[in-house]
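Visitor: Dropping the sequence and predicted coords here.
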Number of protein chains: 2
Amino acid sequence: MTDKQSGETLTRNQTLVLEALSAAETAMTAYALLDVLRDSGLRAPPQVYRALERLRALGLVHRIESLNAFVACCHPDHDHAPATIFAICEDCGTVSEIENEAIAGRLETVAGEADFKLSRSAIELKGQCGDCTAK
Amino acid sequence: MTDKQSGETLTRNQTLVLEALSAAETAMTAYALLDVLRDSGLRAPPQVYRALERLRALGLVHRIESLNAFVACCHPDHDHAPATIFAICEDCGTVSEIENEAIAGRLETVAGEADFKLSRSAIELKGQCGDCTAK
DNA sequence: ATAACGGATGTTATATCATAACGCGATGCG
DNA sequence: CGCATCGCGTTATGATATAACATCCGTTAT
(Lines give C-alpha, C1' and ligand atoms only; values in the text may rest on other atoms or scores of the structure.)
Protein backbone atom coordinates (compact mmCIF):
# COMPACT_ATOMS: atom_id res chain seq x y z
CA MET A 1 0.00 0.00 0.00
CA THR A 2 1.19 3.42 -0.86
CA ASP A 3 0.58 6.07 1.70
CA LYS A 4 2.36 8.78 -0.10
CA GLN A 5 -0.41 10.78 -1.72
CA SER A 6 -2.93 8.31 -2.90
CA GLY A 7 -6.03 9.65 -1.27
CA GLU A 8 -6.25 11.14 2.13
CA THR A 9 -3.22 13.10 3.12
CA LEU A 10 -2.49 16.58 1.98
CA THR A 11 0.91 17.61 0.79
CA ARG A 12 2.72 20.55 2.24
CA ASN A 13 1.58 22.94 -0.47
CA GLN A 14 -1.98 21.77 -0.27
CA THR A 15 -1.99 22.26 3.48
CA LEU A 16 -0.57 25.74 3.17
CA VAL A 17 -3.18 26.76 0.62
CA LEU A 18 -6.04 25.26 2.58
CA GLU A 19 -4.95 26.95 5.78
CA ALA A 20 -4.57 30.31 4.10
CA LEU A 21 -8.03 29.97 2.59
CA SER A 22 -9.59 28.86 5.84
CA ALA A 23 -8.09 31.80 7.65
CA ALA A 24 -9.42 34.25 5.10
CA GLU A 25 -12.67 36.08 5.65
CA THR A 26 -13.37 36.34 1.96
CA ALA A 27 -12.71 34.46 -1.22
CA MET A 28 -9.11 34.69 -2.40
CA THR A 29 -7.69 34.61 -5.88
CA ALA A 30 -4.84 32.30 -6.70
CA TYR A 31 -2.47 35.24 -6.88
CA ALA A 32 -3.59 36.56 -3.51
CA LEU A 33 -2.83 33.14 -2.08
CA LEU A 34 0.53 33.20 -3.74
CA ASP A 35 1.35 36.56 -2.19
CA VAL A 36 0.34 35.37 1.25
CA LEU A 37 2.29 32.15 0.94
CA ARG A 38 5.46 33.52 -0.56
CA ASP A 39 7.11 33.56 2.84
CA SER A 40 6.18 29.92 3.25
CA GLY A 41 8.11 29.04 0.14
CA LEU A 42 5.63 29.24 -2.72
CA ARG A 43 7.05 30.99 -5.72
CA ALA A 44 4.97 30.50 -8.84
CA PRO A 45 1.30 30.28 -9.86
CA PRO A 46 1.29 26.61 -10.84
CA GLN A 47 2.10 25.62 -7.30
CA VAL A 48 -1.02 27.36 -6.07
CA TYR A 49 -3.23 26.22 -8.92
CA ARG A 50 -2.14 22.62 -8.48
CA ALA A 51 -2.93 22.67 -4.80
CA LEU A 52 -6.29 24.29 -5.48
CA GLU A 53 -7.10 21.71 -8.11
CA ARG A 54 -6.52 18.85 -5.72
CA LEU A 55 -8.33 20.51 -2.86
CA ARG A 56 -11.31 21.06 -5.11
CA ALA A 57 -11.30 17.44 -6.16
CA LEU A 58 -11.37 16.51 -2.48
CA GLY A 59 -14.27 18.87 -1.87
CA LEU A 60 -12.29 20.99 0.54
CA VAL A 61 -12.31 24.08 -1.61
CA HIS A 62 -14.83 25.69 -3.93
CA ARG A 63 -14.25 27.99 -6.81
CA ILE A 64 -16.41 31.10 -7.01
CA GLU A 65 -16.83 31.52 -10.73
CA SER A 66 -18.04 35.08 -10.69
CA LEU A 67 -15.00 36.21 -8.73
CA ASN A 68 -12.33 33.99 -10.20
CA ALA A 69 -11.55 33.20 -6.60
CA PHE A 70 -11.64 30.38 -4.09
CA VAL A 71 -13.05 29.61 -0.65
CA ALA A 72 -12.51 26.83 1.84
CA CYS A 73 -15.52 24.58 2.18
CA CYS A 74 -17.42 25.22 5.42
CA HIS A 75 -18.49 21.65 5.97
CA PRO A 76 -16.16 19.33 4.11
CA ASP A 77 -17.48 16.35 6.05
CA HIS A 78 -20.76 15.47 4.41
CA ASP A 79 -20.65 15.00 0.69
CA HIS A 80 -22.72 17.88 -0.54
CA ALA A 81 -25.02 17.58 -3.46
CA PRO A 82 -23.82 19.22 -6.65
CA ALA A 83 -25.88 22.26 -5.75
CA THR A 84 -24.21 24.38 -3.15
CA ILE A 85 -25.34 27.98 -3.10
CA PHE A 86 -22.91 30.79 -2.45
CA ALA A 87 -24.05 34.12 -1.08
CA ILE A 88 -21.50 36.77 -1.87
CA CYS A 89 -21.65 40.11 -0.11
CA GLU A 90 -20.75 42.88 -2.51
CA ASP A 91 -19.86 45.19 0.36
CA CYS A 92 -17.52 43.14 2.51
CA GLY A 93 -16.74 40.24 0.21
CA THR A 94 -17.83 37.57 2.65
CA VAL A 95 -18.92 34.35 1.00
CA SER A 96 -21.32 32.09 2.82
CA GLU A 97 -22.21 28.63 1.78
CA ILE A 98 -25.82 27.53 1.79
CA GLU A 99 -27.09 24.02 1.30
CA ASN A 100 -30.65 23.59 0.21
CA GLU A 101 -32.14 20.30 -0.82
CA ALA A 102 -35.30 21.81 -2.19
CA ILE A 103 -33.47 23.99 -4.68
CA ALA A 104 -31.08 21.22 -5.58
CA GLY A 105 -34.04 19.01 -6.32
CA ARG A 106 -35.84 21.66 -8.31
CA LEU A 107 -32.78 22.25 -10.42
CA GLU A 108 -32.64 18.56 -11.21
CA THR A 109 -36.26 18.70 -12.26
CA VAL A 110 -35.89 21.80 -14.36
CA ALA A 111 -32.84 20.37 -16.06
CA GLY A 112 -34.71 17.18 -16.78
CA GLU A 113 -37.62 19.08 -18.29
CA ALA A 114 -35.19 20.84 -20.57
CA ASP A 115 -33.82 17.47 -21.59
CA PHE A 116 -30.52 18.32 -19.97
CA LYS A 117 -28.33 15.79 -18.17
CA LEU A 118 -27.06 17.73 -15.18
CA SER A 119 -23.64 17.00 -13.77
CA ARG A 120 -22.62 20.05 -11.76
CA SER A 121 -24.03 23.43 -10.96
CA ALA A 122 -22.83 26.80 -9.79
CA ILE A 123 -25.26 29.03 -7.95
CA GLU A 124 -23.91 32.38 -6.90
CA LEU A 125 -25.97 35.07 -5.24
CA LYS A 126 -24.80 38.67 -5.12
CA GLY A 127 -26.12 41.10 -2.60
CA GLN A 128 -25.57 42.34 0.89
CA CYS A 129 -24.97 40.21 3.96
CA GLY A 130 -26.73 40.72 7.27
CA ASP A 131 -23.84 42.51 8.90
CA CYS A 132 -23.51 44.99 6.07
CA THR A 133 -27.24 45.60 5.88
CA ALA A 134 -27.18 46.45 9.57
CA LYS A 135 -24.41 49.03 9.17
CA MET B 1 -33.97 66.31 -28.03
CA THR B 2 -30.95 64.15 -28.46
CA ASP B 3 -31.39 60.99 -30.40
CA LYS B 4 -27.76 60.08 -30.34
CA GLN B 5 -27.34 57.47 -27.66
CA SER B 6 -29.54 58.44 -24.80
CA GLY B 7 -31.36 55.22 -24.18
CA GLU B 8 -32.73 53.01 -26.87
CA THR B 9 -30.56 52.93 -29.90
CA LEU B 10 -27.48 50.84 -30.24
CA THR B 11 -24.28 52.25 -31.59
CA ARG B 12 -22.49 50.66 -34.47
CA ASN B 13 -20.13 48.69 -32.25
CA GLN B 14 -22.92 47.51 -30.01
CA THR B 15 -24.91 46.33 -33.01
CA LEU B 16 -21.95 44.47 -34.42
CA VAL B 17 -21.29 42.70 -31.13
CA LEU B 18 -24.93 41.81 -30.60
CA GLU B 19 -25.28 40.44 -34.10
CA ALA B 20 -22.16 38.34 -33.79
CA LEU B 21 -23.38 36.94 -30.50
CA SER B 22 -26.84 36.24 -31.82
CA ALA B 23 -25.42 34.40 -34.78
CA ALA B 24 -23.24 32.23 -32.58
CA GLU B 25 -24.34 28.80 -31.49
CA THR B 26 -22.37 28.95 -28.30
CA ALA B 27 -21.15 31.49 -25.80
CA MET B 28 -18.31 33.64 -27.09
CA THR B 29 -15.45 35.26 -25.25
CA ALA B 30 -14.67 38.90 -25.80
CA TYR B 31 -11.57 37.97 -27.73
CA ALA B 32 -13.47 35.57 -29.96
CA LEU B 33 -15.85 38.41 -30.74
CA LEU B 34 -12.92 40.65 -31.46
CA ASP B 35 -11.50 38.13 -33.92
CA VAL B 36 -14.82 37.78 -35.69
CA LEU B 37 -15.36 41.51 -35.87
CA ARG B 38 -11.91 42.59 -36.91
CA ASP B 39 -13.00 42.78 -40.51
CA SER B 40 -15.85 45.01 -39.46
CA GLY B 41 -13.42 47.49 -38.00
CA LEU B 42 -12.97 46.51 -34.39
CA ARG B 43 -9.36 46.61 -33.35
CA ALA B 44 -8.92 46.42 -29.60
CA PRO B 45 -10.48 44.71 -26.56
CA PRO B 46 -11.97 47.81 -24.97
CA GLN B 47 -14.23 48.31 -27.95
CA VAL B 48 -15.72 44.88 -27.43
CA TYR B 49 -15.88 45.11 -23.66
CA ARG B 50 -17.59 48.48 -23.81
CA ALA B 51 -20.22 47.21 -26.19
CA LEU B 52 -20.78 44.13 -24.02
CA GLU B 53 -21.12 46.25 -20.93
CA ARG B 54 -23.85 48.35 -22.46
CA LEU B 55 -25.65 45.37 -23.96
CA ARG B 56 -25.63 43.69 -20.60
CA ALA B 57 -27.06 46.77 -18.94
CA LEU B 58 -29.85 46.69 -21.52
CA GLY B 59 -30.52 43.03 -20.81
CA LEU B 60 -29.65 41.99 -24.33
CA VAL B 61 -26.59 39.99 -23.36
CA HIS B 62 -25.69 37.74 -20.45
CA ARG B 63 -22.31 36.89 -19.10
CA ILE B 64 -21.63 33.24 -18.37
CA GLU B 65 -19.38 33.47 -15.36
CA SER B 66 -18.06 29.95 -15.47
CA LEU B 67 -16.90 30.38 -19.05
CA ASN B 68 -15.79 34.00 -19.02
CA ALA B 69 -17.99 34.30 -22.07
CA PHE B 70 -21.14 35.95 -23.30
CA VAL B 71 -24.44 35.01 -24.92
CA ALA B 72 -27.22 36.98 -26.53
CA CYS B 73 -30.38 36.91 -24.49
CA CYS B 74 -33.01 34.62 -25.99
CA HIS B 75 -35.99 36.69 -24.97
CA PRO B 76 -34.90 40.25 -24.41
CA ASP B 77 -38.52 41.39 -24.47
CA HIS B 78 -39.90 40.51 -21.07
CA ASP B 79 -37.86 41.75 -18.17
CA HIS B 80 -36.62 38.57 -16.62
CA ALA B 81 -36.31 38.17 -12.92
CA PRO B 82 -32.77 38.25 -11.58
CA ALA B 83 -32.73 34.47 -11.68
CA THR B 84 -32.13 33.19 -15.15
CA ILE B 85 -30.72 29.69 -15.32
CA PHE B 86 -28.16 28.73 -17.91
CA ALA B 87 -27.71 25.15 -19.02
CA ILE B 88 -24.29 24.71 -20.56
CA CYS B 89 -23.53 21.61 -22.58
CA GLU B 90 -19.99 20.46 -21.91
CA ASP B 91 -19.91 18.53 -25.16
CA CYS B 92 -21.11 21.03 -27.74
CA GLY B 93 -20.93 24.27 -25.80
CA THR B 94 -24.53 25.22 -26.40
CA VAL B 95 -25.97 27.49 -23.76
CA SER B 96 -29.70 27.48 -23.20
CA GLU B 97 -31.55 29.92 -21.10
CA ILE B 98 -34.18 28.69 -18.69
CA GLU B 99 -36.62 30.82 -16.76
CA ASN B 100 -38.16 29.33 -13.68
CA GLU B 101 -40.25 31.29 -11.27
CA ALA B 102 -40.30 28.59 -8.63
CA ILE B 103 -36.55 28.49 -8.31
CA ALA B 104 -36.28 32.24 -8.45
CA GLY B 105 -38.75 32.45 -5.60
CA ARG B 106 -37.02 29.77 -3.58
CA LEU B 107 -33.72 31.54 -3.95
CA GLU B 108 -35.28 34.71 -2.61
CA THR B 109 -36.57 32.75 0.34
CA VAL B 110 -33.32 30.99 1.05
CA ALA B 111 -31.42 34.24 0.81
CA GLY B 112 -33.85 35.86 3.20
CA GLU B 113 -33.47 33.04 5.68
CA ALA B 114 -29.73 33.55 5.58
CA ASP B 115 -30.30 37.23 6.27
CA PHE B 116 -28.95 38.09 2.85
CA LYS B 117 -30.28 40.92 0.71
CA LEU B 118 -30.27 39.46 -2.78
CA SER B 119 -29.65 41.67 -5.76
CA ARG B 120 -28.54 39.41 -8.59
CA SER B 121 -27.88 35.75 -9.09
CA ALA B 122 -25.98 33.54 -11.46
CA ILE B 123 -27.17 29.98 -11.88
CA GLU B 124 -25.12 27.89 -14.25
CA LEU B 125 -25.71 24.21 -14.89
CA LYS B 126 -23.07 22.04 -16.50
CA GLY B 127 -23.91 18.79 -18.20
CA GLN B 128 -25.02 17.36 -21.48
CA CYS B 129 -27.74 18.72 -23.70
CA GLY B 130 -30.43 16.58 -25.29
CA ASP B 131 -28.80 16.48 -28.69
CA CYS B 132 -25.49 15.33 -27.30
CA THR B 133 -27.09 12.73 -25.06
CA ALA B 134 -28.80 11.29 -28.10
CA LYS B 135 -25.55 10.92 -30.01
C1' DA C 1 -21.59 81.07 -35.84
C1' DT C 2 -18.88 79.34 -32.34
C1' DA C 3 -17.36 77.84 -27.94
C1' DA C 4 -18.11 74.49 -24.49
C1' DC C 5 -19.69 70.07 -23.24
C1' DG C 6 -20.73 65.18 -23.17
C1' DG C 7 -20.66 60.77 -25.04
C1' DA C 8 -18.83 57.38 -28.00
C1' DT C 9 -14.66 56.02 -30.05
C1' DG C 10 -9.87 54.50 -31.11
C1' DT C 11 -5.44 53.23 -29.28
C1' DT C 12 -1.67 51.94 -26.28
C1' DA C 13 -0.24 49.87 -22.45
C1' DT C 14 -0.80 47.09 -18.61
C1' DA C 15 -3.12 44.42 -15.02
C1' DT C 16 -5.06 40.06 -13.77
C1' DC C 17 -6.06 35.15 -14.13
C1' DA C 18 -4.49 30.52 -15.77
C1' DT C 19 -1.81 26.79 -17.91
C1' DA C 20 1.78 24.42 -21.01
C1' DA C 21 5.94 22.29 -20.82
C1' DC C 22 10.20 20.78 -18.94
C1' DG C 23 13.30 18.62 -15.60
C1' DC C 24 14.23 17.05 -10.88
C1' DG C 25 13.93 14.23 -6.86
C1' DA C 26 11.64 11.05 -3.83
C1' DT C 27 8.93 6.86 -3.33
C1' DG C 28 6.94 2.38 -4.28
C1' DC C 29 7.35 -1.80 -6.86
C1' DG C 30 8.89 -5.37 -10.13
C1' DC D 1 18.67 -2.11 -9.57
C1' DG D 2 15.48 -0.16 -13.15
C1' DC D 3 11.42 1.88 -13.85
C1' DA D 4 6.93 4.16 -13.08
C1' DT D 5 4.54 7.56 -10.59
C1' DC D 6 3.84 11.58 -8.37
C1' DG D 7 4.60 15.96 -6.37
C1' DC D 8 7.45 19.75 -6.96
C1' DG D 9 9.89 23.88 -8.79
C1' DT D 10 10.65 26.86 -12.67
C1' DT D 11 10.18 29.39 -16.94
C1' DA D 12 7.52 30.99 -20.28
C1' DT D 13 3.34 32.09 -22.32
C1' DG D 14 -1.61 32.28 -23.14
C1' DA D 15 -6.18 34.23 -22.09
C1' DT D 16 -9.15 37.56 -19.97
C1' DA D 17 -9.99 42.39 -18.59
C1' DT D 18 -9.28 47.30 -17.70
C1' DA D 19 -6.79 51.98 -17.01
C1' DA D 20 -5.74 55.97 -19.17
C1' DC D 21 -5.60 59.27 -22.66
C1' DA D 22 -6.45 61.55 -27.09
C1' DT D 23 -9.89 62.39 -30.58
C1' DC D 24 -14.05 63.08 -32.98
C1' DC D 25 -18.66 64.76 -33.44
C1' DG D 26 -23.34 66.07 -32.38
C1' DT D 27 -25.84 69.15 -29.05
C1' DT D 28 -26.48 73.15 -26.52
C1' DA D 29 -25.67 77.75 -24.79
C1' DT D 30 -23.96 82.05 -25.69
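Guide: Everything's here; your move. Numbering: from 1, shown residues only, chains lettered A, B, ... in the order given.

Visitor: If we ignore the residues flanking it in sequence, what's nearest the residue nearest in space to the middle of chain A?
Guide: Nearest to the geometric centre of chain A sits residue A:62, at 1.5 Å (CA atoms, centre = their mean). Of all residues not flanking residue A:62 in the chain, residue A:71 sits nearest, at 5.4 Å (CB to CB, 6 or more residues apart in numbering or on different chains). To be clear about C-beta, it is placed using only N, CA and C from the backbone, and glycine gets the same treatment.

Visitor: hang on, isn't the one you found packed against residue A:64?
Guide: Yes: in this structure, residue A:71 is within contact of residue A:64 by CB atoms under 8 Å, at 6.2 Å.

Visitor: Now for these two: what residues contact both?
Guide: Shared contacts of residue A:71 and residue A:64 (CB atoms under 8 Å, 6 or more residues apart in numbering or on different chains): A:27, A:86, A:95.

Visitor: With secondary structure, distance to DNA strand C and pLDDT as new columns, can those be given to me in a markdown table?
Guide: Formatted as a markdown table, the shared contacts of residue A:71 and residue A:64 follow (DSSP: H, G, I helix; E, B strand; the rest coil; distance: CB to the nearest atom of the strand, whole Å; pLDDT from 0 to 100):
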| residue | secondary structure | distance to DNA strand C | pLDDT |
| --- | --- | --- | --- |
| A:27 | coil | 10 | 98 |
| A:86 | strand | 15 | 97 |
| A:95 | strand | 14 | 96 |
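
Visitor: Spatially nearest residue to residue A:111, not counting backbone neighbours?
Guide: residue A:118 (4.1 Å).

Visitor: can you pull out the helices in chain A?
Guide: Taking DSSP state H as the test, the helices found in chain A are A:12-23, A:30-37, A:45-57, A:101-113, A:130-134.

Visitor: circling back: so residue A:71 and residue A:64 - more neighbours on which side?
Guide: Between residue A:71 and residue A:64, counting by other CB atoms under 10 Å in any protein chain shown, residue A:71 is the more crowded of the two (22 against 19).

Visitor: now the more buried one: how far from residue A:93?
Guide: 10 Å (CB to CB, to the nearest Å).

Visitor: quick one: contacts of stretch A:91-104?
Guide: A:25-27, A:62, A:64, A:71, A:73-75, A:80-89, A:123, A:128-129, A:131-132, B:103, B:106-107, B:110, B:114, B:116.

Visitor: Any buried residues in that stretch, and which?
Guide: By neighbour count on 16 or more other CB atoms under 10 Å in any protein chain shown, the buried set for stretch A:91-104 is A:93-98, A:100, A:103-104.

Visitor: Out of these, which is nearest to DNA strand D?
Guide: residue A:93 (15.9 Å; CB to the nearest atom of the strand).

Visitor: centre of the chain versus stretch A:42-49, how much separation?
Guide: 18 Å (CA atoms, centre = their mean, to the nearest Å).

Visitor: close to DNA strand D, is the longest strand along chain A?
Guide: Once chain A is assigned using DSSP state E, the strand that runs over the most residues is strand A:117-128. No: against DNA strand D, strand A:117-128 shows no contacts by CB under 7 Å from any atom of the strand, the least distance being 14.3 Å.

Visitor: Kindly report the residues of chain A close to DNA strand D.
Guide: Counting by CB under 7 Å from any atom of the strand, chain A comes close to DNA strand D at A:4-6, A:11-14, A:41-47, A:50-51, A:54.

Visitor: Select only the buried ones of the residues you listed in PyMOL?
Guide: Buried residues within the residues of chain A next to DNA strand D, by 16+ other CB under 10 Å, are selected in PyMOL with:
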select buried, chain A and resi 13+14+42+47+51+54
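
Visitor: I figured the residue nearest to residue A:111 was touching residue B:127, is that so?
Guide: Yes: if you go by CB under 8 Å, residue A:118 and residue B:127 touch, sitting 4.4 Å apart.

Visitor: Overlap in contacts, the two.
Guide: Contacts common to residue A:118 and residue B:127, judged by CB under 8 Å, 6+ apart, are A:111, B:87.
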